[in-house]
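Participant: this is the structure alone, sequence omitted:
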C-alpha cells in the first residue's frame, strides 16, 4: 500500500526528484519528473506496473492513429474542389467511421483493463448469484492508481478525437502524464492540456513556489494525520460493531466518517498540490469547501471536482451529443411541455453520469446505489422545480436572496450528504439500512458517556485534538470561502517570523499526529480505487 | 539577480538546518527512550528495563505481541523469585529485537535470553508462500524497501517514535498497571472453537533466508555476551502450526540452542484452548500467561542455575510492583 | 438573433442576456443547460451540432453562436 505521508516518499522519491528538478536545465526537467515517477511507481507497486504500461501504450498508439486519420481526412478533403460537397461529405463520413472505430476500440481496451482488474470479482459474484453458477473470479490485484490513470487515458484520447488537442509523438511524454508521481495514486484527474503540457514545459520553480507549496503540504498533513487518522478510530469501532450501537452514537460515527473522509482525501490533495507547487506545477483542485454547498449539484462541484469535470465532459456531454440520444430528445420535444421536454433527455444522460460515478467508486452494488441515491434526489429536485417555484411565491420567499433559506439549503444538503456517507462506508446496503434504522429508533448516548471514550479507541485527549483541529479547519475554511488568501498572507510575513510559524506548524503535526503507538495504520481511502 | 537566488537558497537551507537541529534537540530532551521508560503508563513497555537498577535482571525476553501477551515477569517473580523483563512491541522484527537487546546489555547482564519465534515468520504471506528467492533482484528490492528508510528516520529523530507521550495519562486499565516489566495485561476470554492446528505433518514451512540471517546475528550476540539463548514459541493458533514447528526445530538443532514450543504443551501447562486466549487465537489472556510463565519458570529453574532473589532486600521493589499489580487487578472493572 | 436570445431566456428565465453576454463565464449556462441550449438550436435551425463544435470560439456569446450557426447553415441567421 503506497502511502504519500511516509518519510521515504517525502525525502527519497519526492525529495530526490525535487532536488534534481530544481537543478536541471529546462530541457530535461520533464525527464527528471518521468524518471522520478517511474522509480516511485516501480518500487512501490512492483509487478503491477504492467497495467500502467499497457494504458500508456494504448493511449499513445491510438492517439497518434486518430490524429493521423484526422490529418489524412483534412488533406483529402482539401484536394476535392469546394463545389463537390457530396464528395467531400463522403470522405468526411468514411474517415469519421475509421476514427470512431479506433477511438471506441482504444477506450474499450483501456476500460477493460479496469474491469478485469478491479471489477471481475463483482461481475463473477453477480453472475453466480443470478445463475447459481460457481465461476471462480480471476482476483487480479489491481495496480495502484488504476482507476485514475484509466480516466486520464480516456480523457487524452477523447480530447484528441474531439479535436481539442494534438496527439503526442513521443510516448514518454504520455508516460509522464499518466504516471506522474503526484497524481497517479489518488488523482486529481487532470486533462492533458491541464497537466501534460505543464509537465513537459519544464518551468523553473521559484522561492515563492517552494515556500507556499511547502506550507500547503504541512496543512494537508495536518488534516490527514491529526484529524483524519484520529477520527478513523471511532468510525471503525462504530461501523465494525454496528449491531451494538444506535442513536447518537451511530450519528456520531457517520459525522466522524464524513470528517475523516474529507480530511483524508482533501488533505492528500493539499499535500500533492503543495508538492506540485514546490516544483512550479499547478495541479487542478479537487475540493472547494464542499460543506458550504447549497444543493447536491453544488456539492459535487466542490467535492472531487476533477471527477465531476471528467464525468461532465466525457460522460454527460458524450451521451448528450450522441446520435442515439438526439433521436430520443427529438421525440420528447413533441410529447411533453417545454420544461420537461428538455429536462427528460438531460435526466437520462444524468443517469449514466451518476451510475458511472457510483460504479467507479467501487466494485459493488452498494456503490452503484450510492451514485443513484444522489441521482434520484437530484432528479426529484429538478422534476419538482416548478412546484417549488409556485410554493416559494405563495410563501413570499425570495429564493435568491433570503438568508434563512440559504441556511436551510445548506443544512438540507449537509444531511443528504451524511446519509450518502452512511451508504458509502457501511459494509453493505443491508448494514446501512440497519444502521439508519437503529439511529432513529435506538436511544444510545454512549458516545457522550464519560469514561467510555476508550471503548471507541480514543482517549479524552484524542477528542480534544479533533475538536481543536476541527475548529482550526473551520476557521480556515470560512476565511477561504470569503476569499481570503491565507497562504499568501503567511508568505508575505518577514523571514524571521515565517520560520517560527512553519516550524511550529511542523511540530504540531509531528507531536499531535495520530500515528505510531496506539494508532492503527490507516490506508489512504481513495487510493484503493 | 544571482544575489537574490543565492539568498533564497540560503533561506531554504537555513530553514532545513534549523528544523533538523530542533528535531534532534526535542527528541533528545523530551522524547527519548529514557523519558519514555520513566512514564508511569503501559506505553512503550519494551523500554521498561531502563528503569531497573543495573545488573539486576536475570532473564530478558524479546519478541512481538505473542511474547508480551504470554510471559509475565511479575508472575515469574512471584513463583520463582527470578527477575526478568520483556522487550516486545507489536509486530516487532528480529532486527529491532537485536537493537533492544544491545540496549539491555549496556546496563544489565542477564544470563538467559528468551527469543519468541513468531518473528521468524513475519515476512510470510497469508497463503503460505514465502518470499524466499535467491534472486538477486528480489534481494535488491527487499534491501531497497522504503520501510527501512522510514524506521531509520524514526530512530534518528525519536520524537517521531515517542511523540504520543503527551497522551500518556490514560484512564485505560491497561496503562494503570505500570511496571509490569513489559507484559501487557488483558483478561478477556475468547472462546476459540475447535482447532487442530498442531496436527502432525511432514512438510516444513521454509524459513526466510533474511530472517534466519538476522536470527543468527541475534544468537551470535547472545553467545558473545555469555547469555544462554532459548527459542520459544508462545501458544498462538492463529499464527503457528506444525509445519513451522518442524522448521524452527531443525533450525534450533543446527544452531545448538534449545527450542521450547509451548503450542505442544497445553496439557502440561493445564491450559484449555477454549479459555486461555483473549482474541481469535492470536494471543493468550492473563490466565493463559500465568500458566505459560509457570511452565517456563520451571524449565529455567531445572536447566539453568540462576540465583533466587525472593526475600532479598535489594529486590524489594519487585514485591512492591507485584503488590500494586495484584491490587489493581482485584479492583478491575469487569467490563 | 432574437430566436437565439429567446431560447436562452426560456432555459434560464432569471438571467439578463443580450448579444454580448458571456454565456459560460457569467453563469447563464451550465453543463446541463448547455446541452438543452444546443439541442434547442439544432431543432430551431435544423442543423447538426456535434460535441467537437462546442468550443468557446463558437459558444462564448450569443454573437458567436449566431456566427457559428450562420456558417453551418451557409446563410444569414
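Facilitator: Received, thanks. Note that this is a predicted model, so its numbers are computed, not measured. Numbers count the residues shown, from 1 in each chain, chains lettered A, B, ... in the order given.
Participant: and the residue nearest the centre of chain C?
Facilitator: For chain C, the residue nearest the mean C-alpha position is residue C:65 (4.9 Å; C-alpha atoms, centre = their mean).
Participant: so how far is residue C:33 from it?
Facilitator: Residue C:65 sits at a distance of 14 Å from residue C:33 (criterion: C-beta to C-beta, to the nearest Å). In this view, the C-beta of every residue, glycine as well, is placed from N, C-alpha and C.
Participant: what does residue B:241 give?
Facilitator: Counting by C-beta to C-beta - residue B:241 and residue C:33 are separated by 65 Å.
Participant: swap in residue B:276?
Facilitator: Distance, residue B:276 to residue C:33, using C-beta to C-beta: 69 Å.
Participant: and the two? which has more neighbours close in?
Facilitator: Shown here are residue B:276 and residue C:33; by other C-beta atoms under 10 Å in any protein chain shown, residue B:276 has more neighbours (26 against 18).
Participant: what sits closest to residue 63 if chain neighbours are left out?
Facilitator: Defaulting to chain A. Nearest non-adjacent residue to residue A:63, counting by C-beta to C-beta, 6 or more residues apart in numbering or on different chains: residue A:167, 3.9 Å away.
Participant: you looked at the wrong chain, it should be chain B
Facilitator: Closest residue to residue B:63 apart from its sequence neighbours, by C-beta to C-beta, 6+ apart: residue B:116 at 2.6 Å.
Participant: so what's that neighbour up against?
Facilitator: By C-beta atoms under 8 Å, 6 or more residues apart in numbering or on different chains, the contact list for residue B:116 reads B:61, B:62, B:63, B:64, B:66, B:67, B:70, B:88, B:232, B:233, B:234.
Participant: again, only this time at 10 Å
Facilitator: Residues counted as contacts of residue B:116 (C-beta atoms under 10 Å, 6 or more residues apart in numbering or on different chains) are B:61-68, B:70-71, B:86, B:88, B:92, B:97, B:231-234, B:236.
Participant: ok, it to chain C distance?
Facilitator: 61 Å (C-beta to the nearest C-beta, to the nearest Å).
Participant: same thing with residue A:171?
Facilitator: Computed as C-beta to the nearest C-beta, the residue A:171 to chain C distance reads 25 Å.
Participant: what of residue B:101?
Facilitator: Per C-beta to the nearest C-beta, residue B:101 is found 65 Å from chain C.
Participant: can you list the residues of the stretch 151-300 of chain A near chain C?
Facilitator: Proximity of the stretch 151-300 of chain A to chain C, by C-beta under 10 Å from any C-beta of the partner chain, involves residues A:158, A:161, A:162, A:163, A:164, A:297.
Participant: make CSV out of the residues you listed and add neighbour count.
Facilitator: As requested, these are exported to CSV (neighbours: other C-beta atoms under 10 Å in any protein chain shown):
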residue, neighbour count
A:158, 22
A:161, 25
A:162, 20
A:163, 14
A:164, 16
A:297, 18
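Participant: now those in CSV, with secondary structure, pLDDT and distance to chain B?
Facilitator: As requested, those are arranged in CSV below (DSSP: H, G, I helix; E, B strand; the rest coil; pLDDT from 0 to 100; distance: C-beta to the nearest C-beta, whole Å):
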residue, secondary structure, pLDDT, distance to chain B
A:158, helix, 94, 36
A:161, helix, 92, 39
A:162, coil, 89, 41
A:163, coil, 86, 42
A:164, coil, 88, 38
A:297, helix, 89, 42
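Participant: quick check: the farthest pair among the residues you listed?
Facilitator: Greatest spacing in these, by C-beta to C-beta: A:163 and A:297 (28.5 Å).
Participant: can you pull the contacts of the closest residue to residue B:118 other than its chain neighbours?
Facilitator: Computed as C-beta to C-beta, 6+ apart, the closest residue to residue B:118 that is not its neighbour in sequence is residue B:66, at 4.7 Å. Under the criterion of C-beta under 10 Å, 6+ apart, the neighbours of residue B:66 are B:88, B:92, B:116-119, B:232-236, B:238-240, B:282-284.
Participant: narrow those to those in helices?
Facilitator: If you go by DSSP state H, these have nothing in helices.
Participant: just the buried subset of these, written out for PyMOL, thanks.
Facilitator: Provided next is the PyMOL selection string for whichever of the contacts of residue B:66 are buried by 16 or more other C-beta atoms under 10 Å in any protein chain shown:
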select buried, chain B and resi 88+92+116+117+118+119+232+233+234+235+236+239+240+282+283+284
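Participant: which ones among the contacts of residue B:66 lie within strands?
Facilitator: With strands taken from DSSP state E, the overlap with the contacts of residue B:66 comprises B:88, B:116, B:232, B:233.
Participant: got these as JSON lines, with distance to residue B:298 and pLDDT columns?
Facilitator: Shown next, in JSON lines, are the ones in strands among the contacts of residue B:66 (distance: C-beta to C-beta, whole Å; pLDDT from 0 to 100):
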{"residue": "B:88", "distance to residue B:298": "22", "pLDDT": "89"}
{"residue": "B:116", "distance to residue B:298": "18", "pLDDT": "93"}
{"residue": "B:232", "distance to residue B:298": "14", "pLDDT": "94"}
{"residue": "B:233", "distance to residue B:298": "17", "pLDDT": "94"}
